[in-house]
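Sequence plus predicted model, see below.
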Amino acid sequence: MRLDKFICKSTELTRTEAKSLLKSGKVRVNGEISKSAAMQVHENNEITVEGQNLTARQSRYIMLHKPLDTICSNVDEGYPSLFHLIDVDKAFDMHVAGRLDADTTGLVLITDDGRWSHNIISPKKQCEKVYRVWLRDNVKPDSAEKFKIGVQLQGEKSLTLPAKLQVVSEKEVLLTITEGKYHQVKRMFAAIGNKVVGLHREQIGGVKLAELSLGEWRYLTEEEVSEFC
Ligand code: URA
């Protein structure tokens with residue numbers, strides 16, 4: 001990880017404070033003064049500030065039941081950020097692994113481990129996400145086949161990857177996708193002439209939204225964390 005991030009993870013300093021500490025020349029990596037915030041360091045490097053050894057805090061992995069009218073960015077914009085709901089130290093230093101729209105509810109995974117979230121977000125990893133979708137119009141008999149083949153989203157070069165559609169009732173379905181394009185589920189239904197009127201994420205990989213009320217969160221179990229290692 002970057003040296004400035006390592007300093008944040010092992011002290012109470014913010015990223016800006018870590019950078020000015022580095023500029024002051026008080027940080028040494030394996031005995032050598034380092035002023036480079038971007039320098040890549042590992043747990044087994046000896047990193048000191050004025051002779052004191054730094055040890056990085058363990059990474060954190062959280063699931064949250066996202067309520068309506070909150071946003072997944074860690075900056076408030078239009079709606080409040082959902083990071084206000086998590087009462088842990090330095091919550092705003094964490095990030096969401098796979099964002100949801102302000103009007104979508106459900107499972108979000110939050111961490112400060114970029115490598116772990118990459119395994120969830122990267123299109124190459126093809127991690128499955130399951131959405132419960134409520135539709136304006138009745139689902140058509142050929143919708144599942146269309147999603148299996150892939151549909152053309154406006155402004156995209158290629159078809160969507162094969163997705164699974166399971167009909168729950170005339171206007172309610174479960175959709176499993178392995179991509180995370182902007183507004184993907186809403187755009188997929190728009191592409192087949194329907195409209196999403198409600199959207200809720202139930203599952204990411206093998207991790208299901210636990211019995212958490214809207215706005216509640218908990219740490220993931222070791223087993224849940226290992227799902228994306
Ligand atoms: N697809 C959408 O359209 N919105 C979301 O929030 C998630 C997936």
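Good, I have the coordinates.

how far does stretch 121-140 stretch from start to finish?
30 Å (CA to CA, to the nearest Å).

can you pull the contacts of V168?
If you count contacts by CB atoms under 8 Å, 6 or more residues apart in numbering, V168 has them with R132, L174. Where C-beta positions appear, they are placed from N, C-alpha and C, glycine not excepted.

which parts of this structure sit against the ligand?
The chain comes close to the ligand at residues L100, D101, T104, H183, Q184, V185, K186, L199, as judged by CB under 6 Å from any ligand atom.

for this structure, what spans make up the strands?
Taking DSSP state E as the test, the strands found in the chain are 27-29, 32-33, 47-49, 52-53, 61-66, 95-96, 104-111, 129-135, 164-169, 172-177, 196-204, 207-208, 217-219.

Could you point out which of these sits nearest M1?
strand 47-49 (11.0 Å; CB to CB).

And the lowest-mean-pLDDT helix or strand in the chain, what does it pack against?
In the chain, the helix or strand scored least confidently by mean pLDDT, DSSP states H and E is helix 3-10, which has a mean of 90. Under the contact criterion of 3 or more CB pairs under 8 Å, 6 or more residues apart in numbering; DSSP states H and E, helix 3-10 touches helix 15-23, strand 27-29, strand 47-49.

so which of these comes closest to I7?
Smallest distance to I7 across the helices and strands packed on helix 3-10 (CB to CB): 3.9 Å, for helix 15-23.

Return the mean pLDDT over the closest one, rounded to an integer.
Helix 15-23 comes out with an average pLDDT of 94.

go on, stretch 147-157?
Mean predicted confidence for stretch 147-157 is 96.

now do the same end-to-end measure for that stretch.
16 Å.

just stretch 191-209 next, same as before
Stretch 191-209 end-to-end distance (CA to CA) = 28 Å.

Now find how far off-centre it is within its chain.
Chain-centre distance of stretch 191-209: 15 Å, with CA atoms, centre = their mean, to the nearest Å.

Now it: buried residues?
Residues A191, N194, V196, L199, H200, R201, Q203, I204, G205, V207, L209 are the ones in stretch 191-209 that count as buried (16 or more other CB atoms under 10 Å).

so which of those comes closest to the ligand?
Checking these against the ligand by CB to the nearest ligand atom gives L199 as the nearest, at 5.6 Å.

how about TSV for the helices and strands packed on helix 3-10, with distance to V75 added?
Converted to TSV, those look like this (distance: least, CB to CB, whole Å):
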stretch	distance to V75
helix 15-23	14
strand 27-29	28
strand 47-49	29
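
Hmm, N30 is touching E46, no?
Yes - counting by CB atoms under 8 Å, N30 does reach E46; the two are 5.3 Å apart.

On the pLDDT front, check the residue nearest to the spatial centre of the chain for me.
Centroid-nearest residue in the chain: A97, 1.2 Å away (criterion: CA atoms, centre = their mean). Model confidence at A97, given as pLDDT, is 97.

List the contacts of it.
V108, L109, I110, T111, W116, S117, I120, I121, I204, F228.
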